[in-house]
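S.K.: prediction below, plus the sequence it came from.
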Amino acid sequence: MTFERALSDSTAFRICFVCTGNICRSPMAEAVFRDLVAQAGLEHYIAVTSAGTGDWHVGEAADDRTINALAARGYNGSGHRARQFDPEWFDKFDLIVAFDRGQERILRTWAPNDQDRSKVQPMLSFDSELAPLIDVPDPYYSDAALFDHVLGMIEQACGSLFRQITPGISASTANN
């Protein structure tokens, strides 16, 4: 699924995962969520992408530790290239998922109106067990063990999010 397809109007549901630099947490979520979408055969109905609030890593691959953690669990993150979230994208996405309160605050500040601000949701809010933690830790300045731990949190939250949105997607696909 290309980035351009994620921004098109031809998809039933469009989601963008946003972390700080788009090389650790958001590429993990993008890979995990794409896998869930593919397993359910919903590639034509759900578009998934990711971005960062900052521009430090634009054009770079995901962090090697991200790629390794994903590969160890059967996901492919090797084709990822970092991009910065553009506030003009708000009208193109149904859901914009932030990994910590800082990103959530930045995205809501960038949103042009209340409707777009409401699209910004914290990653862990989708899972009742993880929600009290509020933030997904940034593993960038840590070791491979934290990358693996963060990936586990992301897998759990993505699974919960997927279970929440698929009934609506299934209903819209039945009507087409």
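M.R.: Nice, I can see it. Just so we're clear, the structure is a prediction, and the values are computed from it rather than from any experiment. Numbering: from 1, shown residues only.
S.K.: buried ones in the strand or helix carrying residue 152, by neighbour count?
M.R.: Using DSSP states H and E, residue 152 maps to helix 144-174. When neighbours are counted by 16 or more other C-beta atoms under 10 Å, the buried residues of helix 144-174 are found to be 146-147, 149-151, 153-158, 160-162, 165-166, 169. Quick note: C-beta positions are derived from backbone N, CA and C, even for glycine.
S.K.: and for stretch 102-120?
M.R.: Along stretch 102-120, these residues count as buried under the neighbour rule (16+ other C-beta under 10 Å): 103-104, 106-108, 110-111, 116-117, 119-120.
S.K.: same check, this time on stretch 82-94
M.R.: In stretch 82-94, residues buried by neighbour count (16+ other C-beta under 10 Å) are 82-83, 85, 89-90, 92-93.
S.K.: gap between the helix holding residue 152 and the chain center?
M.R.: In terms of C-alpha atoms, centre = their mean, to the nearest Å, the centre of helix 144-174 is set 9 Å apart from its chain centre.
S.K.: what residues are up against residue 15?
M.R.: Taking C-beta atoms under 8 Å, 6 or more residues apart in numbering as the contact definition, residue 15 lies against 33, 46-49, 93-97.
S.K.: so which of those residues sit within strands?
M.R.: Using DSSP state E to define strands, the subset of those located there is 46-49, 95-97.
S.K.: among those residues, which pair sits farthest apart?
M.R.: The distance between the two most remote of the ones in strands among the contacts of residue 15 (C-beta to C-beta) is 14.5 Å, for 46 and 96.
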